[in-house]
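Trainee: build me a model:
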Amino acid sequence: MASALRSLALPTRRALRPFSTVAPVLSHIGRKVIIYPSEVEITHDLTPIKEPRIPSELDNTTLTIRGPLGVETLPIKPFVRLKINRDPDSGTGQLRVSIADREIKEQRAMWGTTQALVQNYVTGVSEGFRVPLRLEGVGYRATLEPSGEKLGLKLGYANPVELVVPEGIKATTPTPTKILLQGTDLQRVKLFAAKIRKYRKPEPYNQKGIFVGNETIKKKEGKKK
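Mentor: Here you go, the predicted model:
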């Protein structure tokens with residue numbers, strides 16, 4: 001009888017591990033050292049910004065990255081620490097990003113974000129970013145004014161689409177169905193590419209539209225009568 005009761009007894013629960021409230025304190029991206037070539041110059045102005053473009057930049061400091069292709073500036077949060085070194089022999093520079101308090105979630109988030117933004121600007125002013133677009137469709141054409149300031153698109157509408165090329169971006173049309181965007185700010189270049197694409201998003205039935213980079217779209221079969 002006792003053995004039967006033991007067999008019917010509820011199984012004992014495994015002891016639960018205590019829940020940890022300790023947040024991760026390291027950023028894999030933020031810890032990476034940024035290596036930049038001798039032709040790139042990075043300076044950090046520690047003067048707090050008192051007249052910001054947007055409220056979130058109040059009391060930030062300013063990082064300036066200069067290179068052969070241009071100049072970019074980046075607002076730095078007060079809790080972000082930057083250490084800049086340059087090898088006197090090779091001229092190669094190193095930049096390390098850290099934060100004041102690794103226990104604060106906002107600071108950890110900005111740690112990796114700041115490192116990624118600085119790395120992109122270093123690449124932008126030294127090598128530049130290129131985003132190609134291609135136009136797929138009967139009669140689709142792209143033209144550029146001689147000044148390079150305005151891009152015209154024939155996309156099957158009654159009137160051509162005209163777009164002003166943003167400052168800091170260079171647009172070229174190697175062929176009537178191809179557009180090449182170049183710039184030092186990757187985010188700015190990609191935003192303009194997305195703006196162009198929205199006028200004729202790729203559609204899956206005839207696979208027509210504006211494709212960015214190596215973008216492809218799976219073909220769908222139309223409804224059969």
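Trainee: could you chop the chain up by domain?
Mentor: 33-127, 129-212 (the TED database).
Trainee: now the first one, how far from the chain's geometric center?
Mentor: By that I understand domain 33-127. Relative to the chain's own centre, domain 33-127 is displaced by 15 Å; criterion: C-alpha atoms, centre = their mean, to the nearest Å.
Trainee: likewise stretch 194-211?
Mentor: Relative to its parent chain, stretch 194-211 has a centroid offset of 21 Å by C-alpha atoms, centre = their mean.
Trainee: quick one: buried residues of it?
Mentor: Buried residues in stretch 194-211, counting neighbours by 16 or more other C-beta atoms under 10 Å, are found at 196-197, 200, 202, 208-211. All C-beta spots, glycine's among them, are computed from the backbone N, C-alpha and C.
Trainee: please apply the same query to stretch 121-140.
Mentor: Judged by neighbour count (16+ other C-beta under 10 Å), stretch 121-140 contains these buried residues: 121-126, 128-129, 131, 133-137, 140.
Trainee: likewise for stretch 37-47?
Mentor: Result for stretch 37-47 [16+ other C-beta under 10 Å]: buried residues 40, 42.
Trainee: mean confidence score for that stretch?
Mentor: When pLDDT is averaged along stretch 37-47, the result is 96.
Trainee: show residues contacting that stretch.
Mentor: The contact list for stretch 37-47 (C-beta atoms under 8 Å, 6 or more residues apart in numbering) reads 36, 61-68, 76, 82, 84, 90-93, 95, 118, 122, 125-126.
Trainee: ok, longest helix in the chain?
Mentor: Longest helix in the chain, counting residues (DSSP state H): helix 105-126.
Trainee: tell me the first helix or strand C-terminal of that one.
Mentor: Using DSSP states H and E, the helix or strand that follows helix 105-126 in sequence is strand 129-136.
Trainee: and the very next helix or strand once past that next one, what's buried?
Mentor: Using DSSP H and E, the next helix or strand after strand 129-136 towards the C-terminus is strand 141-144. By 16+ other C-beta under 10 Å, the buried positions in strand 141-144 come out as residue 142.
Trainee: remind me what strand 141-144 packs against, helices and strands.
Mentor: Counting contacts by 3 or more C-beta pairs under 8 Å, 6 or more residues apart in numbering; DSSP states H and E, strand 141-144 is packed against strand 150-154, strand 169-175.
Trainee: let me know which of the ones you listed is tucked in deepest.
Mentor: Mean neighbour count (mean count of other C-beta atoms under 10 Å) peaks for strand 150-154 among the helices and strands packed on strand 141-144, with a mean of 17.
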